[in-house]
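Student: here is a sequence with its predicted model. Questions after.
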Amino acid sequence: MSEITTPKIWSSNYLFLLASIGSTVGLSNIWKFTYLAGENGGGAFVLIYLLSLVVMGIPILTAEMLIGKRGGKSMVGTFQVLQNKDGLPPYWKYFGWTAMITVFLILSFYSVIAGWTLDYAATSMAGLLNHLDASQSATFYKSLLNNPFRMMLGQGLFIFATAWIVAKGVKGGLERSINWMMPALFMILILLVIYGMVYGKFMDALFFLFNPDFSRITPETVLAAFGQAFFSLGIGVGVMLTYGAYMPKKTRVLQSAAIIAFSDGLVSMLAGLAIFPIVFQYGLSPAEGPGLIFVTLPITFGELPGGGLIGAFFFLLLFIAALTSSISLLESIISHLEEMFEASRMKITIITGTLLWTVGLGTVFSFNYLSDYTPFDFIQPLKEKTIFGLIDYFGSNLLMPIGGILMAIIAGWVLSRQVVSMELSLHSEWQFNLWRFLVRYLAPIILLILFIYNL
């Protein structure tokens, strides 16, 4: 029997959860969370971030997984199933297509940034990042961005690794890889936290992350925390819908969504406890912004005992986190292409991976050859945006929040209460009513505010 007609179901609930956690855990948890927490006062930001996981993240994540479980196919295929099964209007399939294109665009630039982690892991292991001062570290980072061939190599290797895993299918590729990558990720992360305890100012980091200063809370802090929770979980573009379609039928959706969301939050907390002790040990500012990971930390790694090895482990951690997310992104694309074409998964994945690499060159060149190319300066929101800036803006700022709102509308308003109740299988009426209230009203309103704010 061909792989196209073979049911794709996770072998166990454990592997489903492991893969789903891997999908949500990515560069955003380690890179973006730390610099946003640093810029927004630490504890106050963390408190709102955790609250946002509860009132927005879990409800919409549950909605997306529920839709996938109900349809049992790809993003587009699921809406076609729901059209026949539950009377979903046919125009929803266009949302499926839009979401798939969004995932493709996001993965095209995500693979470029993930390639940087490979570059830094190799150069750190080779000792090239040792004993850099601030100026030298910034120069090293700029030398990477100014070298398109170096960036293309990292991008290509990352896409190759992603495509290799996805081409082997759910059981032969995704499950086998996740089964070792996620334990490895947590092991490296915990080792880095222990290292921070020994060689860094760990108590200062604890105080910074978990002692909220409520005077630091501003509307911008609240929006940054809610935005981080939403984008970190990667909801709204059908990735978790696809994983939900492979979900064992007896899996409890709401409970699984809670485990996934809080595991995602746990990784962010551990990342903070690994990074901030070192930052404080060397008297650096936690509010270094996006440059914290690729410019500031290499300075400190070069001065620490065994810093070259620790730096290599740290960037290997970033690479694994990026890879666990990228395979879920690519899987959501390949899943639908398999439904469309009578071709082997391997062939479909190779062609898609090649297209990803090609489109990703727009992001690569945005940092060097095309850094001055901003084609839509005559449109105010798009002014001074490079090709990378445009893809990021449309994918992250516009299409993802819209996707999250539409997922909430489908689960909260379009599907019948009976269907949703059956798929959730909750024993408590109040739990169902609370979830339904959040997914119908509060979560979409929050996402609408984020959408307007990011315009």
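Tutor: On my side now, so go ahead. Residues are numbered from 1 along each chain as shown.
Student: in the chain, what helix or strand scores lowest on average pLDDT?
Tutor: The weakest-scoring helix or strand in the chain, judged by mean pLDDT, DSSP states H and E, is helix 291 (a mean of 75).
Student: how far away from the center of its chain is that helix?
Tutor: In terms of C-alpha atoms, centre = their mean, to the nearest Å, the gap separating the centre of helix 291 from the centre of its chain is 19 Å.
Student: cool, stretch 387-394 as well?
Tutor: Going by C-alpha atoms, centre = their mean, the spacing between the C-alpha centre of stretch 387-394 and its chain's C-alpha centre is 16 Å.
Student: got a list of contacts for stretch 271-284?
Tutor: Contacting residues not belonging to stretch 271-284 are listed as 29-30, 33-34, 37-38, 46, 189, 192-193, 195-197, 199-202, 204-206, 208-209, 285-286, 288, 292-293, 296-297, 299-301, 303-304, 314 [C-beta atoms under 8 Å, 6 or more residues apart in numbering]. (Each C-beta comes from the backbone N, C-alpha and C, glycine too.)
Student: no no, stretch 435-451
Tutor: Counting by C-beta under 8 Å, 6+ apart, 52, 55-56, 59-60, 62-63, 223, 226-227, 230, 254, 397-398, 401-402, 404-405, 408-409, 411-413, 417, 420, 424, 426 sit against stretch 435-451.
Student: what's the mean pLDDT across it?
Tutor: Averaging pLDDT along stretch 435-451 gives 96.
Student: do stretch 379-395 as well
Tutor: The average pLDDT within stretch 379-395 is 93.
Student: that one: which residues count as buried?
Tutor: Across stretch 379-395, burial judged by 16 or more other C-beta atoms under 10 Å covers Lys385, Thr386, Ile387, Phe388, Gly389, Leu390, Ile391, Asp392, Tyr393, Phe394, Gly395.
Student: which of those residues sits closest to Leu455?
Tutor: Using C-beta to C-beta, Tyr393 is the member of these that sits closest to Leu455, with 9.4 Å.
Student: next, give phi and psi for the closest one.
Tutor: Main-chain torsions, Tyr393, degrees, to the nearest 10: phi -60, psi -50.
Student: contacting residues around it?
Tutor: Tyr393 sits next to Pro381, Leu382, Lys385 when contact means C-beta under 8 Å, 6+ apart.
Student: any chance of a markdown table for those, columns distance to Ile178?
Tutor: Formatted as a markdown table, those follow (distance: C-beta to C-beta, whole Å):
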| residue | distance to Ile178 |
| --- | --- |
| Pro381 | 38 |
| Leu382 | 38 |
| Lys385 | 35 |
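Student: roughly how far apart are Gly236 and Ala184?
Tutor: 28 Å (C-beta to C-beta, to the nearest Å).
Student: these two - which one has more neighbours?
Tutor: Taking neighbours as other C-beta atoms under 10 Å, Gly236 and Ala184 compare with Gly236 leading, 27 against 14.
Student: could you list the low-pLDDT ranges of this protein?
Tutor: Residue ranges of the chain with pLDDT under 70: 1-7, 289-290.
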